[in-house]
Structure formats: structure tokens, C-alpha cells
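Novice: Sharing a model prediction with you, sequence too.
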Amino acid sequence: MMRSSPITTRFAPSPNGPLHLGHAFAAIVAHDLAKEHRGRFLLRIEDIDGARSRPELADEFRRDLEWLGLEWDEVRPQSTRIASYEKAFAQLKEAGVIYPCQCSRTDIQAAGAKPGPMGAIYPGTCRHLDAACDGPAQWRLNITRADKIAGQLKWYDTLDGAQFCDPYEVGDVVIWRRDEPASYHLAVTLDDAVDGVTLATRGRDLFAATHIHRLLQALLDLPIPAYHHHPLLLDETGQKLAKRRGSPSLSDRRLAGEDGLMLATQLRLQKFELGT
Ligand code: GLU
């Protein structure tokens, strides 16, 4: 009899604001996929955003997940991993696939950036600067160079099947930020590799980001997880549930005495209806 190897999934919230229903849904999707396969479900606090991060929220997140009846193994928060991000940053620099960029959001808009699935597609204004740049800069991935080195890549989504890697859909993303360390793209790609994540589950809004993550995996010689981009929970108006649109946080619900296990059951029903 063939034994399938256990899968490892993760829930990776950023403590920039409280968790809401959409997060609970994402956590349950990741948790249940792991448990259905007797695998591991990891919690990783993505607190790399020094200025916006609120450390006290991490404990609140743990209480929220417990309230929902989830069990997890916790791995190191991103703030303790900066040295590994720096090492990868140096590797990318050495490979000549990143360049410094001093453009502000306004500069990017003024240069006629086209909208993309992850925000404006960088028009490449600073590509010619290469490693010479005065003053503080952010560093961007030159996807044309990176793509040439990596060749045609594929990745796999458990809901959408095999995907050809198309980093041009997203463009030259920021790899290293001006005032903060590594960008989301670099940090999440490295962390998933180090944590042994074999099935990265996250919302469909991050589908296109995986083209970049796959490219980084090739450049940094990292293992390649499968992906599960689940549908997002929408509110009655069809908009993504988010705190800014007034959806109550999980901690508000918990402290108001709502039954977390019942809420988890309702979310599992929605999971079933959404086919994820
Ligand atoms: N920290 C990210 C977020 O909260 C995680 C995204 C991912 O799962 O890749 O959106």
C-alpha cells in the first residue's frame, strides 16, 4: 500500500490589526486540510512590519484560534528571522536580479503604471540604475533577468491545477523595503521553505503573488510547495470581508460570549458550499 507523506499547512497572520471572519475561514481551511491528512498545521506570526506591527495582538490571535477549537504548532515569528532574509537578499544581489529603486507611489503612477492583480505594475523606471544608487532605496526584482535565469517554471494549485509561472502579471515587485527589512514576497517564500510547508493555503487574492514566489524559489534553490488558493468569504454586498468595512473582529465576538465552536461549524459549512 502506498503511504502518502503528511502535509504541512500554515496560517500566517500579520499582527497589524485584529483577526476577522475572513481570517477565521483561512485558518480553518489550512487547519482542516492538514488534519484531514494527519499532517501539521502551523501558526506563524508575520510581524515583519515593524511600524505597523502590534506585538500584543499575537496573544489575541492565539486566544481567537483556541476559541475556534483549532490546534496548531507554532513556528518562529518573522521578526526573529531577519538574518535569513538578509542572506537571501545578498544572494539575489549577487545574482544580479535585483536593483535599487527610489520611486514613490506618486512617481509610479506618474510614469503611467498599469494596474495589476497585486497593485500597480512597476513601469521599470529605475531598472537602469543597477547597484549604483545614492541614498536610501527599496530593491526590486528584475523579473526579465530572473525569468531568463530560471527558465519556464510551473507551480500547482490544488483547486486550479497546474499553472505556468507568469511573473509579468505582477511585475518588478519590491524585495527589500526602504525603511523595513524584507518584503512580504521574500519573507513568505523563505519562511514556507524553512518551516517545511508543503501546502501553502491562502486566499485567492494572493493567487498572482505565487508567480513571484515560484520565481524566488528557483533563484534561491528552495523546495516548492503546492498551493491552495481558497475563495474569499464575501459580505452581503459581494466585497471581501475586512475590518475596515466594519465586520466585527473575532476577539469582539469572543469577548461578547459568542460560541466559537459554533462559528467554526458555520464556517465549515461555507467552506463546503464554496467547494474548498
Ligand atoms: N501575512 C500574510 C497575510 O496576513 C499571509 C499571506 C500568505 O499566506 O502568504 O495576508
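Specialist: Cool, the structure landed.

Novice: give me the low-pLDDT residue ranges for the stretch 1-150 of the chain?
Specialist: Filtered on pLDDT under 70, the stretch 1-150 of the chain yields the residue ranges 1-5, 129-134.

Novice: Surely Ala187 is in contact with Tyr85?
Specialist: Yes: using CB atoms under 8 Å, Ala187 is in contact with Tyr85, at 5.9 Å. Heads up, the C-betas are built off the backbone N, CA and C, glycines and all.

Novice: out of the two, which sits in the busier spot?
Specialist: Using other CB atoms under 10 Å, the more surrounded residue of Ala187 and Tyr85 is Ala187, with 23 against 20.

Novice: circling back: identify the contacts common to Ala187 and Tyr85.
Specialist: Pro181 (CB atoms under 8 Å, 6 or more residues apart in numbering).

Novice: which residues does the closest residue in space to Arg140 that isn't next to it in sequence contact?
Specialist: Ranked by CB to CB, 6 or more residues apart in numbering and with sequence neighbours excluded, the top spatial neighbour of Arg140 is Asp172, at 4.3 Å. Shown in contact with Asp172 (CB under 8 Å, 6+ apart): 101, 122, 124, 127, 140-143.

Novice: Could you check how far Asp172 is from Leu159?
Specialist: 28 Å (CB to CB, to the nearest Å).

Novice: quick revisit: weed out the non-buried ones from the contacts of Asp172.
Specialist: Buried members of the contacts of Asp172, counted by 16 or more other CB atoms under 10 Å: 101, 122, 124, 140-143.

Novice: So which residues of the stretch 1-150 of the chain form strands?
Specialist: With DSSP state E, counting those that start in this stretch as the criterion, the stretch 1-150 of the chain has strands at 8-11, 40-43, 73-74, 98-101, 114-116, 119-121, 138-141.

Novice: now those strands in TSV, with distance to Gly151?
Specialist: Listed next are those as TSV, based on distance: least, CB to CB, whole Å:
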stretch	distance to Gly151
strand 8-11	28
strand 40-43	31
strand 73-74	35
strand 98-101	19
strand 114-116	23
strand 119-121	22
strand 138-141	16
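
Novice: Start from the N-terminal end of the stretch 151-276 of the chain and give the strands.
Specialist: Using DSSP E, counting those that start in this stretch, strands in the stretch 151-276 of the chain cover 154-157, 161-164, 174-176, 199-203, 226-230.

Novice: Show me what the last one is in contact with.
Specialist: The contact list for strand 226-230 (CB under 8 Å, 6+ apart) reads 9, 25-26, 29, 33, 155-160, 198-204, 206-207, 210, 271, 274, 276.

Novice: one more time with 7 Å
Specialist: With contact meaning CB atoms under 7 Å, 6 or more residues apart in numbering, strand 226-230 is reached by 29, 33, 155-159, 198-204, 206-207, 210, 276.

Novice: Got a ChimeraX select line for the buried ones in those residues?
Specialist: Selection of buried members from the contacts of strand 226-230 for ChimeraX, criterion 16+ other CB under 10 Å:
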select :29,33,155,156,157,198,199,200,201,202,203,204,206,207,210,276
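
Novice: re the thing from before, quick check: phi and psi at the residue nearest to Arg140.
Specialist: Torsion angles at Asp172 (phi, psi; degrees, to the nearest 10) stand at phi -80, psi 90.

Novice: coming back round to it: let me know the closest of the buried ones among the contacts of Asp172 to Leu222.
Specialist: Relative to Leu222, the closest of those is Leu141; by CB to CB it sits at 14.8 Å.

Novice: any idea how far Tyr85 is from the closest residue to that closest one other than its chain neighbours?
Specialist: Residue nearest to Leu141 in three dimensions, not counting chain neighbours: Ile175, with 5.2 Å by CB to CB, 6+ apart. According to CB to CB, Ile175 and Tyr85 sit 9 Å apart.

Novice: what do the two both touch?
Specialist: With CB under 7 Å, 6+ apart as the test, Ile175 and Tyr85 both reach Leu186.

Novice: overlap between the contacts of strand 226-230 and the residues near the ligand?
Specialist: When contact is defined as CB under 6 Å from any ligand atom, those meet the ligand at 202, 206.

Novice: For the stretch 101-250 of the chain, list the residues in contact with the ligand, please.
Specialist: Residues of the stretch 101-250 of the chain lying close to the ligand (CB under 6 Å from any ligand atom) are 188, 202, 206.
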